[in-house]
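Novice: pasting the structure only:
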């Protein structure tokens, strides 16, 4: 990474808006310089599937290999064939979610962190044939750096599983586990051989961290309204709206995936509300800054 | 505060155990140097009642003065007479909790923070006739300082309301809102005049942050097992047990209130489980370090 700010960004409206915002935020009390970033599709590549989905499927494949009864279930067969639609059809959403959450239930928090970190170190992206850690967006790393240099505290606010993202966030982004807000499974307090362990259950805790819950969970976790937020899907709308309707200068950034050559072209959708307005339409209406991956980024991957 | 470490602590087993722990933890990776402190009775005075209870009652008094129908309710009359037993008897626990949570429902997160900070700046302790900010334990402030100096990150993990403690934690302890874990009410995402606001509801979110939930919420919020924990009541047991059964050197500290002259003498009980084992008994069994307020503290208040 160059020492010049945002050197992987082309000159243009997006880069200018960021530099301008950093200047405008200089008078904001340091404690209120809070920046929140969506993860999948905003900080790293989320296609052809969420990294965490590939992680879960890899584990399901192992488990199915060892357990013929599991392998015989239609929902499992559809999942392993990569057909999410058929999988949902086979058992209904409830069974699907149960199968997916069961892949890592029973693990302690500490064991899960090891399993996730181990998989991330080995696994490779099917198209780019590189470890997922290499598929972090270089321009966004520079943006994190710029904001930190301007006294911001930076949080990841992900629809993905909080413990999965934590297993990588320090290494990927320099963001420690306590600064990751995400979806979570329920955890049981148990004593094993005189030691307290926290054991993952096959049950989501509350709502997924998408849409309005992103704003609510930021308040629950951070305790302050952010003044900067970045996302790429309709599931980030409420977070961006929250960040831009406080009393301080603010900036909302939407990463637009329009680069089939270097990455992918698609519109980021809300996982929990498929009927939600396209984020590009919200951005146009609200005057948010849209980042064209194709035009605004001189380099995509780190 | 003196620059010598723990200068408000008398020489003795407790002070030695702390200094020894800091030395033993020098080899723990910095990111894993996590310390968690209960708030009421551990960092500041919780008698004759929780500070937050006094805050809620002050608001209820104002509301009852303005609303004769509210003032006429038996549960409210009992509360304002300071008779919690009669209040619970008047309407059952459910009505009691509803009345207490309703005092600040409808406020936005930001408005609540202002109300709480404003009250804390004005209110005075009934016996000591000083602002509550003065009733922080000087020896514990020195301990926070010592741990920070040794590379620890320090979190408050309170059974009290997270937003109430956040309104004071920076000023009292130098602990920012994102490093406070506590009980929480549900919050609604609303749009008012084009601005997103998060509005407090008269409903507790999940379980109070006492007992096993303290350990679970530490994991949810911090993402790591602490290696140091301090508490003073049976509601802190699981947190202390969690902190002391990991793989690193650890220390659990129990503040024993045995000083009627300078503070109070009582056994800290669990709010959610009155039948829980006394924390002194757990401490004796587990070999935790007990701090005698009377003998170990040369000075009590800051």
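Specialist: Cool, got the structure. For clarity, every value in this text was computed on a predicted model and none was experimentally measured.
Novice: Apart from its chain neighbours, what residue comes closest to residue A:171?
Specialist: Sequence neighbours aside, residue A:133 is the residue nearest to residue A:171 in space, at 6.6 Å (criterion: C-beta to C-beta, 6 or more residues apart in numbering or on different chains). All C-beta spots, glycine's among them, are computed from the backbone N, C-alpha and C.
Novice: Against chain B, how distant is the one you found?
Specialist: Relative to chain B, residue A:133 is positioned 18 Å away (C-beta to the nearest C-beta, to the nearest Å).
Novice: the helices in chain A, which residues?
Specialist: Secondary structure of chain A (DSSP state H): helices at A:13-24, A:51-66, A:68-71, A:74-80, A:84-102, A:109-122, A:138-149, A:162-173, A:212-222, A:237-244, A:279-286, A:293-296.
Novice: Mean pLDDT and mean neighbour count added to those helices, as JSON lines?
Specialist: Below are these laid out as JSON lines (pLDDT from 0 to 100; neighbours: other C-beta atoms under 10 Å in any protein chain shown):
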{"stretch": "helix A:13-24", "mean pLDDT": "98", "mean neighbour count": "17"}
{"stretch": "helix A:51-66", "mean pLDDT": "96", "mean neighbour count": "17"}
{"stretch": "helix A:68-71", "mean pLDDT": "96", "mean neighbour count": "12"}
{"stretch": "helix A:74-80", "mean pLDDT": "94", "mean neighbour count": "19"}
{"stretch": "helix A:84-102", "mean pLDDT": "89", "mean neighbour count": "16"}
{"stretch": "helix A:109-122", "mean pLDDT": "96", "mean neighbour count": "16"}
{"stretch": "helix A:138-149", "mean pLDDT": "98", "mean neighbour count": "19"}
{"stretch": "helix A:162-173", "mean pLDDT": "97", "mean neighbour count": "23"}
{"stretch": "helix A:212-222", "mean pLDDT": "98", "mean neighbour count": "23"}
{"stretch": "helix A:237-244", "mean pLDDT": "98", "mean neighbour count": "26"}
{"stretch": "helix A:279-286", "mean pLDDT": "95", "mean neighbour count": "16"}
{"stretch": "helix A:293-296", "mean pLDDT": "98", "mean neighbour count": "18"}
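Novice: so which of the ones you listed comes closest to residue B:128?
Specialist: Of all the helices of chain A, it is helix A:212-222 that lies closest to residue B:128, at 33.2 Å by C-beta to C-beta.
Novice: Quick one: check the closest one for contact with chain B.
Specialist: Yes: contact of helix A:212-222 with chain B (C-beta under 8 Å from any C-beta of the partner chain) involves A:212, A:215, A:216, A:219, A:220, A:221, A:222.
Novice: Between all of those residues, which two are separated the most?
Specialist: Using C-beta to C-beta, the two most remote members of the residues of helix A:212-222 next to chain B are A:212 and A:222, lying 15.7 Å apart.
Novice: what's the first-to-last distance across stretch A:147-165?
Specialist: Stretch A:147-165 stretches 21 Å from its first residue to its last (C-alpha to C-alpha, to the nearest Å).
Novice: same deal with stretch A:26-40?
Specialist: Using C-alpha to C-alpha, the end-to-end distance of stretch A:26-40 comes out at 29 Å.
Novice: mean confidence score for that stretch?
Specialist: Average pLDDT, stretch A:26-40: 97.
Novice: List the buried residues in that stretch.
Specialist: Across stretch A:26-40, burial judged by 16 or more other C-beta atoms under 10 Å in any protein chain shown covers A:28, A:32, A:33, A:34, A:35, A:36, A:37, A:38, A:39, A:40.
Novice: Which ones among these lie within strands?
Specialist: Using DSSP state E, A:34, A:35, A:36, A:37 are the members of the buried residues of stretch A:26-40 that sit in strands.
Novice: What residues does the stretch 201-302 of chain A have near chain B?
Specialist: Within the stretch 201-302 of chain A, the residues that sit near chain B (C-beta under 8 Å from any C-beta) are A:205, A:212, A:215-216, A:219-225, A:238, A:241-242, A:245-246.
Novice: Nearest to chain B, out of those residues: which one, please.
Specialist: Comparing those against chain B with C-beta to the nearest C-beta picks out residue A:223 as the nearest, at 2.9 Å.
Novice: so how far is residue B:250 from the closest one?
Specialist: According to C-beta to C-beta, to the nearest Å, residue A:223 and residue B:250 sit 27 Å apart.
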